[in-house]
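Student: pasting the sequence and the predicted model now:
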2 protein chains.
Amino acid sequence: MVTEIEKKVMEAKMASITLASVDTQTKDRALEAMANALDENRDRIIETNGADLEEAGRMKAEGKLSQALVDRLKVSNSKIDGMISGIRDVIKLEDPSGKTMKTLELDTGLDLYQVSCPIGLIGVIFESRPDVVPQIMSLCLKSGNATIFKGGSEALNSNRTIFDILVKAMENIEGIPKGAFQLMETREEVMNLLALDDYIDLLIPRGSNEFVKYIQDNTKISVLGHADGICHVYVDTSADMDKAYDVCFDSKVQYPAVCNAMETLLINKEIAEDFMPEMMKRYDEADVELRFDEESYAIAENLGLKNIKRATDEDWKTEYNELILSVKLVDTIEQAINHINRYGSHHTDAIITEDAAKRKQFIDLVDSSSVMVNASTRFADGFRYGKGAEVGISTNKIHSRGPVGMEGLVIYKYVLLGNGDKVSDYAGDEPKPFTHRVIDKKLSDALNN
Amino acid sequence: MVTEIEKKVMEAKMASITLASVDTQTKDRALEAMANALDENRDRIIETNGADLEEAGRMKAEGKLSQALVDRLKVSNSKIDGMISGIRDVIKLEDPSGKTMKTLELDTGLDLYQVSCPIGLIGVIFESRPDVVPQIMSLCLKSGNATIFKGGSEALNSNRTIFDILVKAMENIEGIPKGAFQLMETREEVMNLLALDDYIDLLIPRGSNEFVKYIQDNTKISVLGHADGICHVYVDTSADMDKAYDVCFDSKVQYPAVCNAMETLLINKEIAEDFMPEMMKRYDEADVELRFDEESYAIAENLGLKNIKRATDEDWKTEYNELILSVKLVDTIEQAINHINRYGSHHTDAIITEDAAKRKQFIDLVDSSSVMVNASTRFADGFRYGKGAEVGISTNKIHSRGPVGMEGLVIYKYVLLGNGDKVSDYAGDEPKPFTHRVIDKKLSDALNN
């Protein structure tokens, strides 16, 4: 028997085929209509959001919902401004689909094109942030991907309203297929969605580490994202101290609540006595709680710091996401690299060094999606990496890694244009040779001839 | 408790970090040593293979092993020639790792490099073809990936001997880390390997469709490969008949045992009476068994063919891998596309047409890794696509799709080279702007300065 959820997913999968071939102009017209529709329906959105907030307030009072979750649930007029400008930003971004990536002449008159195309059907599972809907919907639409959304029950009314406004506006535009975007009702379980690996090509989870980890552990579908963000800075003997102070401070303090903030500072033993006093004072003034391993504690306890503790093994595995930093001394750069590869989350790690050989060693051997040399870990982000909009940060080793823009929502297909060519001419005793010559020719041009 | 299998996998994972940074020259030296070692140990290989063949003969007599499997198990002197030349071919291929893919200046003196790097640890699971070991080991070594091999019990001695010869030769070369390549013993179960998604980054299964499907269904690790290869050719009203005859014949008959051979021929009803007589006679002369849907049967039964049947619904879902072809008439190109997307395996599908609009429609809407226009489905292959060596053919929508060469064994990392740069300068009330300028600069050059 086909369940309600399968029906929706199959409808979206069918529509995804047509959506994949919609031209950029039409998609941009639909995005503009979506932005305008949000603007015209502000009152309706804020009103329904009020109902969710009221219910969330009750649940918070009962201790079932955290204040942070309630905060993220709220949709204000300025949040709607953000949604609208987000959609308009996506209009300005280049369509990643339909690009000829490489063209190879196999033989005269037999050209092989590698062309980017949408992945197909994306599943988005998110906790209580209704602004995920316009953000992901605009990125998926622009890249030509159909999408299934599954939000949290606490944002039920807000999600439904925003979703309906956007889809109605989009489907009014000629050329956009119906049914490519679907919203799961809350009574439909996340687990049912996770099992649909025959239909869903990629999952994007948005939420806490535990939430992402749960998704990763319970599906065979590829997941674009990361659970932990345990980032390190290693200060080498060859470090320029001023650079070290700046980068180490920024990596921890500039915005500690995010995945690319530093959690553990590794310091080479040789320079610890020189480096620590000034650095630790800066942290102390910024109210950072410092947790030291045995050797660094011995130095720190004489520095008159107000908030110091001893680190345990648990600290090396912990993403604090707040003003807490663990500090460890290492004998060598190798020891630092081993610590990072062992305890880190392969997200973003930095070295402070003026030594070319150590720079290369760190870059080569640290197995992380972003490796920083004399720069803050906080730079690892889609906006700063010039991607315009961020789909997520991936710690996968397959497909997309690091900050991912719309390029992470496309794959490619091969298109071979021939004239009745048969393999038997290129096989057997006297095979024709292939030319295998890279040529500068776009599929779109070839199709217009 | 750490099992024997986990110990091996962890050892390979550790070595993978070092292997990732080995330079191309060293890897090529190791490959040359491997080729020479095979040449010097021909007798030993053939002797141990004899033991496997003897046991396989016994099992075949008991009906436990097919003749095909026994054939693939046999290692002759000419098969060893093939292994050796295969390794030497890989030496000639470009190292896909360590390439600067894109460089973006974020700001003056702050350059972001996107650099290709090995995926890490690859798991290879294969049925009784000992030649898989040198082939995959050379591709993984050249691309810098550590590898775990798990072969079938019927090839136990052959695999162990070839593996030992290759690894001993490789590890004699200075700079190649020990332990990067591991062979699982047969008593260790495949299931245990499939569960190690914390360590293994990518699985490459080599074997029958059922074997690949079993792997895909029982692991969370990404699988590079495909189970079915149900390929179609659609002959449109606008087809050039001579091209249609050639392509349809080649796609089925040139080598029917492989995944990119055609299984179902779709013919537009309007031209069926013109097209079928000549085409079906050609198939008939080549001893192709033809299975027709109702409408095509009505035409076929008057053609005096020797081997015709009625197709059932099951035929549209079947990969025959032999000289059997199912034939179906369709009213429109849309109906052909729907049939292909529904029953096909997203592997390779072709259209025969002289109409530019229909060509575009087919390319846009057929959701397959290779789409052929007036060319045989049999062209979808790593060698013909100019890749030098084929890792596999992927029907995934993530990472690699279609015929995959060594480019499918690399991912990338971002490397940011700065001078103590901090995000706080680019945030807040008066943020510095990013320049986000694409520049033509390689990481290897930057690191030599």
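Tutor: Perfect, thanks for sending it. Remember, predicted model here, so these are calculated numbers, not experimental data.
Student: can you list the domain ranges for chain A.
Tutor: Under the assignment automatic domain parsing, the domains of chain A span A:4-217, A:231-386.
Student: report the closest residue of the stretch 101-250 of chain A relative to chain B.
Tutor: Residue nearest to chain B within the stretch 101-250 of chain A: A:Lys243 (3.0 Å; Cβ to the nearest Cβ). The C-beta positions use only the backbone N, C-alpha and C, and glycine is treated the same way.
Student: and that residue, helix, strand or coil?
Tutor: helix (DSSP: H, G, I helix; E, B strand; the rest coil).
Student: list the residues that contact it.
Tutor: A:Lys243 makes contact with A:Ile352, A:Asn374, B:Asn419, B:Gly420, according to Cβ atoms under 8 Å, 6 or more residues apart in numbering or on different chains.
Student: what does A:Leu194 give?
Tutor: Applying Cβ under 8 Å, 6+ apart, the residues near A:Leu194 are A:Leu203, A:Ile215, A:Asn218, A:Thr219, A:Ile221.
Student: now, of the residues you listed, which are buried?
Tutor: A:Leu203, A:Ile215, A:Thr219, A:Ile221 (16 or more other Cβ atoms under 10 Å in any protein chain shown).
Student: show only the entries of these found in strands.
Tutor: Secondary structure from DSSP state E places A:Leu203 of the buried ones among the contacts of A:Leu194 in strands.
Student: model confidence over stretch A:368-386, on average?
Tutor: Stretch A:368-386 carries an average pLDDT of 95.
Student: now do the SS call for the spatially closest residue to A:Arg29 that is not a sequence neighbour.
Tutor: Nearest in space to A:Arg29, with sequence neighbours left out and distances taken as Cβ to Cβ, 6 or more residues apart in numbering or on different chains, is A:Ile173 at 5.1 Å. Three-state assignment for A:Ile173 (three-state DSSP): coil.
Student: and if you look at A:Ser116?
Tutor: From three-state DSSP, the assignment for A:Ser116 is strand.
Student: how about A:Ile125?
Tutor: Relying on three-state DSSP, one would call A:Ile125 strand.
Student: up against chain B, what does the stretch 151-300 of chain A have?
Tutor: A:201-202, A:216, A:219-220, A:222, A:240, A:242-244, A:246-247, A:249-250, A:254-255 (Cβ under 8 Å from any Cβ of the partner chain).
Student: buried subset of those, written for PyMOL?
Tutor: Of those, the buried ones can be selected in PyMOL as follows, counting by 16+ other Cβ under 10 Å:
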select buried, chain A and resi 201+202+216+219+220+222+240+243+244+246+247+249+250+254
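Student: how about a markdown table for the contacts of A:Leu194, with distance to A:Lys102 added?
Tutor: Below are the contacts of A:Leu194 laid out as a markdown table (distance: Cβ to Cβ, whole Å):
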| residue | distance to A:Lys102 |
| --- | --- |
| A:Leu203 | 29 |
| A:Ile215 | 34 |
| A:Asn218 | 37 |
| A:Thr219 | 32 |
| A:Ile221 | 28 |
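Student: dump those residues to CSV, plus distance to A:Thr264 and pLDDT.
Tutor: Shown next, in CSV, are the contacts of A:Leu194 (distance: Cβ to Cβ, whole Å; pLDDT from 0 to 100):
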residue, distance to A:Thr264, pLDDT
A:Leu203, 29, 95
A:Ile215, 26, 93
A:Asn218, 29, 91
A:Thr219, 30, 91
A:Ile221, 32, 92
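Student: show the low-confidence segments of the stretch 101-250 of chain A, by residue range.
Tutor: Segments of the stretch 101-250 of chain A classed as low confidence (criterion: pLDDT under 70) are A:186-188.
Student: do that again at 80, thanks
Tutor: Along the stretch 101-250 of chain A, the parts satisfying pLDDT under 80 run over A:128, A:185-188.
Student: what about the strands in it?
Tutor: A:110-118, A:121-126, A:146-150, A:181-183, A:202-206, A:231-235 (DSSP state E, counting those that start in this stretch).
Student: skip ahead from the lengthiest strand in chain A and say which helix or strand is next.
Tutor: Ranked by number of residues, the top strand in chain A under DSSP E is strand A:410-421. Note on strand A:410-421: by DSSP states H and E, the next helix or strand toward the C-terminus is strand A:437-438.
Student: winner for burial among the strands of the stretch 101-250 of chain A?
Tutor: Ranked by mean neighbour count under mean count of other Cβ atoms under 10 Å in any protein chain shown, these are led by strand A:231-235, which reaches a mean of 28.
Student: picking up where we left off before, how about the domains of chain A in JSON lines, adding distance to B:Glu154?
Tutor: Listed next are these as JSON lines, based on distance: least, Cβ to Cβ, whole Å:
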{"stretch": "domain A:4-217", "distance to B:Glu154": "31"}
{"stretch": "domain A:231-386", "distance to B:Glu154": "36"}
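Student: quick one: closest of the ones you listed to B:Pro403.
Tutor: Smallest distance to B:Pro403 across those (Cβ to Cβ): 10.0 Å, for domain A:4-217.
Student: measure that closest one end to end?
Tutor: 24 Å (Cα to Cα, to the nearest Å).
Student: same question for stretch A:309-320.
Tutor: End to end - Cα to Cα - stretch A:309-320 spans 14 Å.
Student: so that stretch, near chain B or not?
Tutor: No: Stretch A:309-320 is not in contact with chain B by Cβ under 8 Å from any Cβ; minimum separation 13.9 Å.
Student: phi, psi of the most centrally placed residue in chain A?
Tutor: By Cα atoms, centre = their mean, chain A has its centre lying nearest to A:Gly392, at 1.0 Å. Phi and psi for A:Gly392, reported as degrees, to the nearest 10, are phi 170, psi 180.
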